[in-house]
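Colleague: Sequence unavailable; structure follows:
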């Protein structure tokens, strides 16, 4: 099995499919980013499967540029303008984010919309088993992951100017419809389990939950930890953020406990021996931090997991589709896209276990 830390950590020369006019970008940066100075050099981060991400070096300062991919895109995907807005809005909350400097929606600059934020130095963990860490360090890292997501879900959207960041109500209904459309738009083969889930999901929805800011892709490899402390310095990859049910968002994060090790998961891992909390204890910590008085009904929790597996199948299908088109942002896109079928079958098996 390939080492994800080696595959995804660091930078590489800009891929041919993602190259742009760096001189034109430098002129734009000088006009829109305060303190930007010096000759510009550009490298591409290895990690990330969706929006291509680049390291910009200018003098003593380093920035990160996130752009939409080139070419044909799925409807509503790769919304870098929304990423920029939510990062800006959360700047003065308990949710750690990088400082966002400027958004460019003019495709004439580099060929697609992009935004620029500060580069945050620290650790990104690509393997959720955290090899090389002590049990105490692993426990502290997972506790911090839990703390930060709970902090996000405690933010009042209206208080940070995000009251209109998503439509109110019917969150799950709209999400099921959206990911069904996204899956069909990116479909590269027929997967029977997905077709069954498309019929099953609308018929078994739990009651509507509260509305909060949801990240949409909160994982251990989408945060930057302090170089030596179990402290998150920045949450990354906000492209799927919206307003919705925070428990659904937390369940997506908790899929880590259901995914196999080969898919950067913890299924089959002796988490207790590693110092990593089990799924139930991790959920209990989150409920305590968000001051929820009632436990989550088991049937509802299972539905949230099934939905998020389905949603992840849609994401994986999008990666496979971009790999076919030749504009995927990561070299492992074909291999990643192949995870869609087994994940769909896992989701359907869990759906069938729910008694109605």
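Modeller: Sure thing, it's come through. Values in this document were obtained by computation on a predicted structure and should not be read as measured data.
Colleague: and residue 199, how far is that from residue 351?
Modeller: 10 Å (C-beta to C-beta, to the nearest Å). The C-beta positions use only the backbone N, C-alpha and C, and glycine is treated the same way.
Colleague: So the two - more neighbours on which side?
Modeller: The residue with more neighbours, out of residue 199 and residue 351 and counting by other C-beta atoms under 10 Å, is residue 351; that gives 21 against 8.
Colleague: Got the phi and psi for the more buried one?
Modeller: phi -60, psi -40 (degrees, to the nearest 10).
Colleague: quick one: low-confidence ranges for the stretch 251-356 of the chain?
Modeller: Applying pLDDT under 70 to the stretch 251-356 of the chain flags residues 327-337, 355-356.
Colleague: all helices of it, in order?
Modeller: For the stretch 251-356 of the chain, helices defined by DSSP state H, counting those that start in this stretch occupy the ranges 271-274, 279-289, 298-325, 333-337, 340-353.
Colleague: most packed of those?
Modeller: Ranked by mean neighbour count under mean count of other C-beta atoms under 10 Å, these are led by helix 298-325, which reaches a mean of 22.
Colleague: name the helices or strands packed onto it?
Modeller: helix 171-186, helix 192-200, helix 246-254, helix 333-337, helix 340-353 (3 or more C-beta pairs under 8 Å, 6 or more residues apart in numbering; DSSP states H and E).
Colleague: Of those, which is nearest residue 45?
Modeller: helix 333-337 (14.5 Å; C-beta to C-beta).
Colleague: which one is residue 11 nearest to, not counting chain neighbours?
Modeller: residue 43 (3.8 Å; C-beta to C-beta, 6 or more residues apart in numbering).
Colleague: ok, the one you found - contacts?
Modeller: Residues near residue 43 by C-beta atoms under 8 Å, 6 or more residues apart in numbering: 11, 12, 13, 14, 54, 55, 57.
Colleague: Need the max-distance pair from the residues you listed.
Modeller: Maximum pairwise distance among those (C-beta to C-beta): 14.4 Å, between 12 and 57.
Colleague: In terms of neighbours, single out the busier of these two.
Modeller: Per other C-beta under 10 Å, whichever of residue 12 and residue 57 has more neighbours is residue 57, with 15 against 10.
Colleague: tell me the secondary structure for the residue lying closest to that one once chain neighbours are set aside?
Modeller: Leaving aside its sequence neighbours, residue 57 sits nearest to residue 41 (C-beta to C-beta, 6+ apart; 4.6 Å). At residue 41 the chain is in strand, as set by DSSP: H, G, I helix; E, B strand; the rest coil.
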